[in-house]
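Student: What would the 3D arrangement of this be:
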Amino acid sequence: SAGPVGFTIDTTRGKDGSLSSKVGTKFSYAGISFDKVQHEANGSPTLETSYVPAPGLKLSFKGGKGADLGCDYKTGNFVGTAKLDVKDLSKVSSSGCMSVSGGAIVGGDVAYSLKDSALSSYNVGFAYGSGPLYAAVTSGNKFGSVNLGLMYKVNDEITLASSTVHSSSKTCDVLGVGGSYKASFGDVKAKFDSGKVISASLVKDVCKTKVTLSGSMVGADTSTFKYGLGVTL
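Tutor: Here you go, the predicted model:
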């Protein structure tokens with residue numbers, strides 16, 4: 001870190017053995033939060049800022065490959081968002097969700113194509129948690145499919161999760177299954193997705209520095225093995 005500003009360096013190893021790094025930071029100035037200022041290894045920059053003009057209202061800008069203006073509003077048990085593509089002026093979207101009695105959450109989203117002058121997407125969702133089990137159901141492709149996410153907390157150390165898609169063309173498509181384990185030597189996470197990619201990571205605090213080790217491989221093909229190292233100072 002440099003004074004009150006902290007920097008993050010993420011390094012990954014490519015298939016050819018080369019290492020690539022990206023440097024990022026975040027800070028606040030004159031009431032504006034610079035939530036993400038990042039420089040990729042290929043030279044491309046990323047900038048994310050936010051500003052809170054009134055309680056419950058946040059304005060934001062996210063720029064990288066694209067550029068979006070956003071607005072988030074929260075009051076009581078309702079949360080709403082709106083986003084405008086200011087780079088291509090191609091789309092405006094909005095979403096909202098509300099918690100209801102019993103701990104359930106209902107919501108929906110809609111997107112309007114400015115180029116086609118028509119709705120490009122619309123979906124609804126429902127989530128509910130009870131005890132160690134949490135479930136979320138959302139529609140997809142304009143109600144053409146249903147996405148189901150499940151999470152089960154076995155105990156204070158172990159959590160399991162799964163994500164599936166159900167439609168008329170395919171009864172059940174497993175997108176991924178995974179779990180996390182809070183071990184004495186660090187937090188371990190592992191996942192297996194529909195592309196047969198196995199990925200795992202270990203997060204550990206070393207001398208007040210967060211170190212992340214990660215790796216992934218397609219099935220048992222060792223030639224596809226990739227690993228990464230992340231250090232947060």
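Student: close enough to count as contact, P53 and D72?
Tutor: No. Between P53 and D72 there is no contact under Cβ atoms under 8 Å: 11.7 Å. Any C-beta I mention is one placed from the backbone N, CA and C, and that applies to glycine too.
Student: quick one, which of the two is more surrounded?
Tutor: Remark: of P53 and D72, D72 carries more neighbours, 17 against 8, as counted by other Cβ atoms under 10 Å.
Student: Now for the more buried one: which residues touch it?
Tutor: Applying Cβ atoms under 8 Å, 6 or more residues apart in numbering, we find D72 in contact with L57, K58, S60, V79, G80, T81.
Student: Could you give the average pLDDT over the longest strand along the chain?
Tutor: If you go by DSSP state E, the chain has its longest strand at strand 118-130. What strand 118-130 shows for mean pLDDT is 95.
Student: neighbouring contacts of that strand?
Tutor: With contact meaning Cβ under 8 Å, 6+ apart, strand 118-130 is reached by 91, 93, 97, 102-113, 134-140, 142-143.
Student: Which ones among these lie within strands?
Tutor: Per DSSP E, the contacts of strand 118-130 map to strands at 91, 93, 97, 105-113, 134-140.
Student: which among those residues end up buried?
Tutor: Buried subset of the ones in strands among the contacts of strand 118-130 (neighbour count, 16 or more other Cβ atoms under 10 Å): K91, S93, C97, I105, G107, G108, D109, Y134, A136, T138, S139.
Student: and those residues, which two are the farthest apart?
Tutor: Within those, K91 and Y134 form the most distant pair, 30.8 Å apart (Cβ to Cβ).
Student: Put together CSV for the buried ones among the ones in strands among the contacts of strand 118-130, with pLDDT and distance to Y227 on each row.
Tutor: Shown next, in CSV, are these (pLDDT from 0 to 100; distance: Cβ to Cβ, whole Å):
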residue, pLDDT, distance to Y227
K91, 95, 37
S93, 97, 36
C97, 96, 37
I105, 96, 37
G107, 97, 38
G108, 97, 40
D109, 97, 36
Y134, 95, 31
A136, 97, 31
T138, 97, 33
S139, 96, 37
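Student: Can I get these in CSV including distance to D205?
Tutor: Putting these into CSV (distance: Cβ to Cβ, whole Å) gives the following:
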residue, distance to D205
K91, 41
S93, 38
C97, 34
I105, 33
G107, 35
G108, 40
D109, 37
Y134, 27
A136, 30
T138, 35
S139, 40
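Student: Summarise which helices and strands the strand or helix carrying V211 is packed against.
Tutor: Using DSSP states H and E, V211 maps to strand 209-218. Using 3 or more Cβ pairs under 8 Å, 6 or more residues apart in numbering; DSSP states H and E, the elements in contact with strand 209-218 are strand 197-206, strand 226-232.
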